[in-house]
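S.K.: I'd like to go over a predicted model; first the sequence, then the structure.
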Amino acid sequence: MPGVNELVIIFLIIFLLFGAKQMPKIARAFGKARKEFENPSKDKDEEEKPGGNSI
């Protein structure tokens, strides 16, 4: 995960390229993509844990 300094630089570059009007749309898209990326990995971790269903 990038640190605070890296995030600031990334957002400044995005701001310069796309302008202030597009920033909220880009931030929402980034948040949704990050959430979608994290959800499957959490599900996979839960499936790999040993459960009480031993035969």
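M.R.: Happy to help now that I have it. Residues are numbered from 1 along each chain as shown.
S.K.: what comes up buried for the one helix or strand Asn5 maps to?
M.R.: Per DSSP states H and E, Asn5 falls inside helix 4-18. By neighbour count on 16 or more other CB atoms under 10 Å, the buried set for helix 4-18 is empty. Any C-beta I mention is one placed from the backbone N, CA and C, and that applies to glycine too.
S.K.: hang on, Phe15 packs against Lys21?
M.R.: No: with contact defined as CB atoms under 8 Å, Phe15 does not reach Lys21; the gap is 10.5 Å.
S.K.: Which elements pack onto the helix holding Asn5?
M.R.: Packing contacts for helix 4-18, counted by 3 or more CB pairs under 8 Å, 6 or more residues apart in numbering; DSSP states H and E, involve helix 23-48.
S.K.: Let me know the average pLDDT across the helix it packs on.
M.R.: For helix 23-48, mean pLDDT is 76.
S.K.: OK, contacts around Ala29?
M.R.: Not one residue lies near Ala29 by CB atoms under 8 Å, 6 or more residues apart in numbering.
S.K.: So it versus Phe18, what's the distance?
M.R.: Using CB to CB, to the nearest Å, we find Ala29 at a distance of 11 Å from Phe18.
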